[in-house]
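Engineer: Model the following, please.
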Amino acid sequence: MGLFSFIKGQFIEVIEWIEDTDSIVYHFPAYDHAIKMGAQLTVREGQAAIFVNEGQIADVFGPGKYELSTQNMPVLTALKSWKYAFNSPFKADVYFVNTTNITDQKWGTTNPVIMRDKEFGMVRARGFGNYSFKVKDPAVFMREIFGSHEDFNPGQISGYFKTMIVSGVSDLLAESGIPIIDLAMHYDELSSQAGAKLQSNFAAIGLALTGFVIENISLPEEVEKMIDRRSSMNIAGNLDQYMKYQTAESIREAANNPGGGLAGAGAGLGAGMAMGQMINQMMTGSGQQPVSANPGGEAQAHNPNQAQTHDVPDKDGNTEQCGKCNHSLKANDKFCPECGTARPEHRFCHECGGALTPGAKFCSSCGTKL
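Structural biologist: Next up, the predicted model:
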């Protein structure tokens, strides 16, 4: 091989990028080799090729196949001051830019974002989701972001995107005025609004935001507990239903606490029910008792539900007494409170349990001697 053939073999004749990486930008490895005028440039769908002359962006090629010449490289021709039909080799850096959608990019709040809520006041919220983007203007992207790197991948700009997105979403949530507890039903609308709001930030660096999703906005644990309590009371509706709810909760907690068992749950449940009844009486007014004076002149509470008892006179006007011990009997006494003897009209057969008539010596039901 002669010297001229060797030198000619160093000229780049085919320029293309077969993508096998996740890079957004790929620097064609020309090194110090010159590019042959008339070389074949192949730009596939989803790509753009950019020629850079001494750090200055020159010509940009979209998808297609080109034979490099002064006619299709007007900027580079002007920069190099080439004459028409210039046919000598030249040096230039060639970069390929991926213009397809870059999907499944994650965003999230590193620290909680402080928000003002009408119902809960100042709260701290966290959010996360995903987004997708693509290079819309390769020349602007190269100029604003890429610089002089050899290659470029999404991870190198994810931190910038995250900061931009969190700031935009926080501002959007504050402007929306949507209560914290209602945010979940507005994720779709908020995602669309956030995408539109952030679009100009992406366009400024030659990109297009092609998709944006808010997956979740979470609240601090103490706020979630407050919401749980409020929803529990709403479910209860009134004190009676609330006590039923508390009963179920106590049983559930007891089942989850083998050491305590149902005994502890029963004690706590009893106290809770007693308190619930007291509160219910206070709210309904049923616990109020009128005050009356007793013969001694002292105020005494009167309970309308308490049965009134008095000594009952017999047919001769005398107070009725127990037939065994002569202890005075009251109207509602079925047995003598002193000796336990059954009242005549409340006597029962010890054999069959049948009611006995006063003065009977035999049971009228079974004939047993009394």
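Engineer: What segments of the stretch 101-250 of the chain are strands?
Structural biologist: 102-108, 113-117, 121-135, 151-152, 207-218 (DSSP state E, counting those that start in this stretch).
Engineer: Tell me the confidence at the nearest residue to Phe141 once chain neighbours are set aside?
Structural biologist: Among residues not flanking Phe141 along the chain, Gly206 sits closest, at 3.3 Å (Cβ to Cβ, 6 or more residues apart in numbering). The way it works is simple: take the backbone N, C-alpha and C, and place the C-beta from them, glycine included. Here, the pLDDT recorded for Gly206 equals 93.
Engineer: Identify the residues contacting Gly206.
Structural biologist: 135-145 (Cβ atoms under 8 Å, 6 or more residues apart in numbering).
Engineer: swap in Met37?
Structural biologist: Contacts of Met37 by Cβ under 8 Å, 6+ apart are 68-70, 86-90.
Engineer: got a winner among those residues for most neighbours?
Structural biologist: Within the contacts of Met37, neighbour counts (other Cβ atoms under 10 Å) peak at Leu68, which reaches 23 neighbours.
Engineer: Can you say which helix or strand has the closest residue to that residue other than its chain neighbours in it?
Structural biologist: Distances taken as Cβ to Cβ, 6+ apart place Ala39 nearest to Leu68, at 5.1 Å, with adjacent residues excluded. Here Ala39, judged by DSSP states H and E, is contained in strand 35-43.
Engineer: Sort out which residues of that strand are buried, please.
Structural biologist: Neighbour-count burial for strand 35-43, with 16 or more other Cβ atoms under 10 Å as criterion, is recorded at 35-37, 39, 41-43.
Engineer: Could you check how many residues crowd around Phe54?
Structural biologist: Actually, residue 54 is Glu rather than Phe. When counting by other Cβ under 10 Å, one arrives at 10 neighbours for Glu54.
Engineer: Return the backbone torsion pair for it.
Structural biologist: phi 50, psi 50 (degrees, to the nearest 10).
Engineer: Sticking with the closest residue to it other than its chain neighbours, tell me its helix or strand.
Structural biologist: Excluding the flanking residues, the one nearest Glu54 by Cβ to Cβ, 6+ apart is Leu79, at 8.0 Å. Under the criterion DSSP H and E, the helix or strand holding Leu79 is helix 74-80.
Engineer: Next, the contact list for Lys136, please.
Structural biologist: 99, 203, 206-208.
Engineer: Surely Thr341 is in contact with His327?
Structural biologist: No - using Cβ atoms under 8 Å, Thr341 makes no contact with His327, being 9.0 Å away.
Engineer: shared neighbours of the two, which are they?
Structural biologist: Residues touching both Thr341 and His327 (Cβ under 8 Å, 6+ apart): none.
Engineer: Hmm, Ile12 is touching Leu41, no?
Structural biologist: No - look at Ile12 against Leu41 with Cβ under 8 Å: they stay out of range, at 9.9 Å.
Engineer: quick revisit: output the contacts of Met37 in a markdown table; the columns should cover distance to Ser176.
Structural biologist: Compiled in a markdown table, those are given as follows (distance: Cβ to Cβ, whole Å):
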| residue | distance to Ser176 |
| --- | --- |
| Leu68 | 53 |
| Ser69 | 56 |
| Thr70 | 56 |
| Phe86 | 60 |
| Asn87 | 63 |
| Ser88 | 62 |
| Pro89 | 60 |
| Phe90 | 56 |
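Engineer: Now render those residues as JSON lines, adding pLDDT, distance to Val60 and secondary structure.
Structural biologist: Shown next, in JSON lines, are the contacts of Met37 (pLDDT from 0 to 100; distance: Cβ to Cβ, whole Å; DSSP: H, G, I helix; E, B strand; the rest coil):
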{"residue": "Leu68", "pLDDT": "91", "distance to Val60": "14", "secondary structure": "coil"}
{"residue": "Ser69", "pLDDT": "89", "distance to Val60": "16", "secondary structure": "coil"}
{"residue": "Thr70", "pLDDT": "87", "distance to Val60": "16", "secondary structure": "coil"}
{"residue": "Phe86", "pLDDT": "78", "distance to Val60": "20", "secondary structure": "coil"}
{"residue": "Asn87", "pLDDT": "79", "distance to Val60": "23", "secondary structure": "coil"}
{"residue": "Ser88", "pLDDT": "82", "distance to Val60": "23", "secondary structure": "coil"}
{"residue": "Pro89", "pLDDT": "85", "distance to Val60": "21", "secondary structure": "coil"}
{"residue": "Phe90", "pLDDT": "87", "distance to Val60": "17", "secondary structure": "strand"}
